[in-house]
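*Asks:* dropping the sequence and predicted coords here.
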Amino acid sequence: MENEQLIAEYDRKISNNEQRSERLSKEKQQLKQCIHHLEMDMRKSFREIQRFTEESISQGSQAARWEKNENEGKSAYFTRLVEERQHQLDQEYLNGVLKLEEERTALQKERNKRWD
């Protein structure tokens, strides 16, 4: 009877592990979607700024030329920053998934020992 209880306890722990893994996957997708929306909003804003700057340049504004270069640099910086954060997010979630898989494998091995 005690062995059956231990097996049931391992099954519960494995199930909890799998649920955490699913939640982690959902969280990752939600964060990726948020980052994507942020990136799209950022690109839209920079396009609008560029359009206004181009209008000023066409009217002969020297300051607008400097602003154009400055805005292009900022746009490139933010794009790199988002890409770096996306890569960091992917790495952190991969590490989390690997840790959960290792934990699940260890639990399964312990459970299977109880079957023998």
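*Replies:* Okay, I see it.
*Asks:* contacts, neighbours, all on C-alpha from now
*Replies:* Noted.
*Asks:* would you mark the buried spots in stretch 43-59?
*Replies:* Of the residues in stretch 43-59, 46, 49-50, 53-54, 56-57 count as buried by neighbour count, 16 or more other C-alpha atoms under 10 Å.
*Asks:* for residue 31, what are its contacts?
*Replies:* For residue 31, the contact set (C-alpha atoms under 8 Å, 6 or more residues apart in numbering) is empty.
*Asks:* please, which helix or strand holds it?
*Replies:* In this structure, residue 31 sits in helix 2-58 according to DSSP states H and E.
*Asks:* what does residue 76 give?
*Replies:* Short version, using DSSP H and E: residue 76 is in helix 62-115.
*Asks:* give me the distance between that helix and the centre of its chain.
*Replies:* On the basis of C-alpha atoms, centre = their mean, to the nearest Å, helix 62-115 sits 5 Å off its chain's mean C-alpha point.
*Asks:* by contact count, what packs against that helix?
*Replies:* helix 2-58 (3 or more C-alpha pairs under 8 Å, 6 or more residues apart in numbering; DSSP states H and E).
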